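1. generate a structure from the sequence data that follows.
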Amino acid sequence: QVHLVESGGGLVQAGGSLRLSCAASGDIFSIYSMAWYRQAPGKQRELVASVSSRGRIDYGDSVKGRFTISRVDAKNTVYLQMNSLKPEDTAVYYCNADIYWGDNGEPLDAWGQGTLVTVSS
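-> Modelled structure (predicted):
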């Protein structure tokens, strides 16, 4: 079994900052990419940011220059530093990881349970 556990969501005023964390645990062989997605009410889930095991980073257009993704492989953890938050950033943020698990390195598209970020105007 593999689990992703997110933390760090909450309520913040516009212009403020939050830092999300996501830790992967379980019978992990290796992790390829780690990413953050978000889903606002009535909208489709969208990519916020991703980072591969080789360090390639991609951001959604709406968060470029404001959010920073990073990962610490020794901790199987990915972070999302969110600055200059706007009300339109309000959403449930989900952690995602492409994990190879178990003795045979079976691929797994793992998701966390989500953490709510609310930005007030």
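2. contacting residues around the strand or helix carrying Phe29?
-> Element membership for Phe29 (DSSP states H and E) is strand 28-39. Residues from elsewhere that reach strand 28-39, judged by CB atoms under 8 Å, 6 or more residues apart in numbering: 2, 20, 22, 24, 45-53, 69, 71, 73, 76, 78, 80, 89, 91-103, 105, 114, 117. Where you see a C-beta, it was placed from the backbone N, CA and C, and this is true even at glycine.
3. and that strand, how far out from the chain's middle?
-> The chain centre lies 7 Å from the centre of strand 28-39; the measure is CA atoms, centre = their mean, to the nearest Å.
4. what residues of it count as buried?
-> Buried residues in strand 28-39, counted by 16 or more other CB atoms under 10 Å: 28, 31, 33-38.
5. with respect to pLDDT, which of the residues you listed ranks lowest?
-> Lowest pLDDT among the buried residues of strand 28-39: Ile28, with 92.
6. tally of neighbours for Thr77?
-> Counted with other CB atoms under 10 Å, the neighbours of Thr77 add up to 19.
7. wait, Gln81 sits on Ser70?
-> Yes: under the criterion of CB atoms under 8 Å, Gln81 makes contact with Ser70 at 7.4 Å.
8. nearest residue to Gln39 other than its sequence neighbours?
-> Closest residue to Gln39 apart from its sequence neighbours, by CB to CB, 6 or more residues apart in numbering: Arg45 at 4.2 Å.
9. surely that neighbour touches Asn96?
-> No: Arg45 is beyond contact range of Asn96, at 9.7 Å (criterion: CB under 8 Å).
10. which one's more surrounded, the two?
-> Asn96 (21 against 14).
11. residue nearest the centroid of this protein?
-> Closest to where the C-alpha atoms of the chain average out (CA atoms, centre = their mean) is Trp36, at 2.7 Å.
12. and Ser120, what does it touch?
-> Ser120 neighbours (CB under 8 Å, 6+ apart): 11-14, 87.
13. brain fart, Val5
-> Contacts of Val5 by CB under 8 Å, 6+ apart are 22-23, 25, 112-113.
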